[in-house]
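Undergrad: Below are the sequence and a predicted model for it; my questions follow.
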Amino acid sequence: MSTPSNKTITSQLASPSSARTVDQDSASRMLLTIIATACFLAASVVVSGFIGFGTNISFQFALGWLVFLSAVLLTWPHLSLNTRGVIALLILAALIARWSYSWLIAPPREAMIGILVVLLYTPILLVITTLMFSAKAVFIGILVGLLMGAISVFGTSREVLAPLYLNDWRIGPLILCVYALFAWLLKRWVNERYALELSAQREQQLTLASNTDQLTGLANRRACEARFQQLNAGPRKYAIIMLDIDHFKQVNDTHGHHEGDRVLRRVVNLLVGKLRPNDFIARWGGEEFLIILESISSTDAKAVSDALCRSIEDGTANDTVPVTVSLGLAFSASGRAAMDTLKSADDALYASKTAGRNRVSLAF
């Protein structure tokens, strides 16, 4: 059952979004920045190629990148997080393809440029894929390191790379170890953040449970005390309603406590249906309920109180156990503590009971 008071408590205790969602959104923004930057650089290479600078293969690579990345940028707002994650993997695969070309086929000058480009971009893409696919982060890192390491081992046998000091077979194992370690450290960092989030959520759930009445799902008396502190923190215009189910002891004595509990939940449902989302309702104790109406005029507060009284009488008229309620209404005053206003509402409730019940009395 969703109630105004539950929404208020939950909004105070629960974090706005999980760490995993925040990580994926951050990774998505990082990926967009990388794509936009790469698109600009590719466009620069294409323009320089048209005026005679660079090699033909660089021009072709840049042109292909420009077409692909431009298409991604144009469709970006319509892509889901999963699709953006797949794009990150595709870019990572394209970098490995460029790495393969640089080590195995490209002439020395082109090889050095390609190797530098991949070494600069791959760590960033590993961060992004770790945040997007945290469960597979280590696997992705090891796979990337294994592929790049194996390719570089084969590439070190090319004599044309000897002048660039790229003919040392130890480069391959080094790349594998570094990227695997990098992915493992990222994964550990993400897991520690998620563990902290889980611990915080459990603490929030315990706090929420301690402020919630188990039977009705409403705020309990402890939550009311916290709300009173908020009301006392500064000048506010509000009304307090004390509501009591008439002759509730007879309901328990005649029909049993199980039926009494059902009546309590039935009354709560009817009350919640008449309140605004931001109104505060709590189970004060037994069959008594406390309602706080903020930013409301005295006329409107009286109208709400009358509506609550009628809704219980009319709503339960055809139930197995029809009930009515008595209400006491009090308004805040400048410099007056919330507990004093509550006392006035309680006195007004007593006046309603004395006057015959099933009515609203105003505090003076």
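TA: Now that the structure is in, tell me what you want to look at.

Undergrad: And the pLDDT at the residue lying farthest from the centre of the chain?
TA: Here the centre of the chain is the reference, and by Cα atoms, centre = their mean the most remote residue is Glu159, at 55.0 Å. Listed pLDDT for Glu159 reads 76.

Undergrad: gap between it and Leu166?
TA: Distance, Glu159 to Leu166, by Cβ to Cβ, to the nearest Å: 11 Å. Using the backbone N, CA and C atoms, a C-beta is placed for each residue, glycine as well.

Undergrad: do Lys302 as well
TA: Lys302 is 86 Å from Leu166, by Cβ to Cβ.

Undergrad: Show me which of the two is the more surrounded one.
TA: Leu166 (19 against 16; other Cβ atoms under 10 Å).

Undergrad: hang on, isn't that one packed against Ala111?
TA: Yes. Between Leu166 and Ala111 a contact is recorded at 7.3 Å, counting by Cβ atoms under 8 Å.

Undergrad: what touches both of these two?
TA: Contact criterion Cβ atoms under 8 Å, 6 or more residues apart in numbering; residues shared by Leu166 and Ala111: Trp103.

Undergrad: Whichever strand or helix holds Gln205 packs against which elements?
TA: Per DSSP states H and E, Gln205 falls inside helix 171-210. The contact analysis (3 or more Cβ pairs under 8 Å, 6 or more residues apart in numbering; DSSP states H and E) places helix 171-210 against helix 4-13, helix 19-50, helix 108-132, helix 137-155.

Undergrad: How about exporting the last one as PDB, limited to the C-alpha atoms?
TA: Put plainly, it is helix 137-155. Coordinates of each C-alpha in helix 137-155 appear next as PDB, following Å, rounded to 0.1, in the frame of the first residue of the first chain:
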ATOM      1  CA  ALA A 137      34.900  -6.400 -16.800                       C
ATOM      2  CA  VAL A 138      37.800  -8.800 -16.000                       C
ATOM      3  CA  PHE A 139      37.000 -11.100 -18.900                       C
ATOM      4  CA  ILE A 140      36.900  -8.100 -21.300                       C
ATOM      5  CA  GLY A 141      40.200  -6.800 -20.000                       C
ATOM      6  CA  ILE A 142      42.000 -10.200 -20.200                       C
ATOM      7  CA  LEU A 143      40.600 -10.800 -23.700                       C
ATOM      8  CA  VAL A 144      41.800  -7.400 -24.900                       C
ATOM      9  CA  GLY A 145      45.200  -7.900 -23.300                       C
ATOM     10  CA  LEU A 146      45.500 -11.400 -24.700                       C
ATOM     11  CA  LEU A 147      44.600 -10.400 -28.200                       C
ATOM     12  CA  MET A 148      46.800  -7.300 -28.200                       C
ATOM     13  CA  GLY A 149      49.600  -9.200 -26.600                       C
ATOM     14  CA  ALA A 150      49.500 -12.100 -29.000                       C
ATOM     15  CA  ILE A 151      49.300  -9.700 -32.000                       C
ATOM     16  CA  SER A 152      52.300  -7.800 -30.800                       C
ATOM     17  CA  VAL A 153      54.300 -11.000 -30.200                       C
ATOM     18  CA  PHE A 154      53.700 -11.900 -33.900                       C
ATOM     19  CA  GLY A 155      54.500  -8.400 -34.900                       C
END
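
Undergrad: for it, the distance to its chain's centre please.
TA: Distance of helix 137-155 from its chain centroid, counting by Cα atoms, centre = their mean, to the nearest Å, is 35 Å.

Undergrad: Ok, the second one next?
TA: Offset of helix 19-50 from its chain centre (Cα atoms, centre = their mean): 25 Å.

Undergrad: go on, stretch 83-97?
TA: Distance, centroid of stretch 83-97 to centroid of chain: 27 Å (Cα atoms, centre = their mean).

Undergrad: What residues of it count as buried?
TA: For stretch 83-97, a neighbour-count test (16 or more other Cβ atoms under 10 Å) marks Arg84, Gly85, Ile87, Ala88, Leu89, Ile91, Leu92, Ala94, Leu95, Ile96 as buried.

Undergrad: Thank you kindly, that will do.
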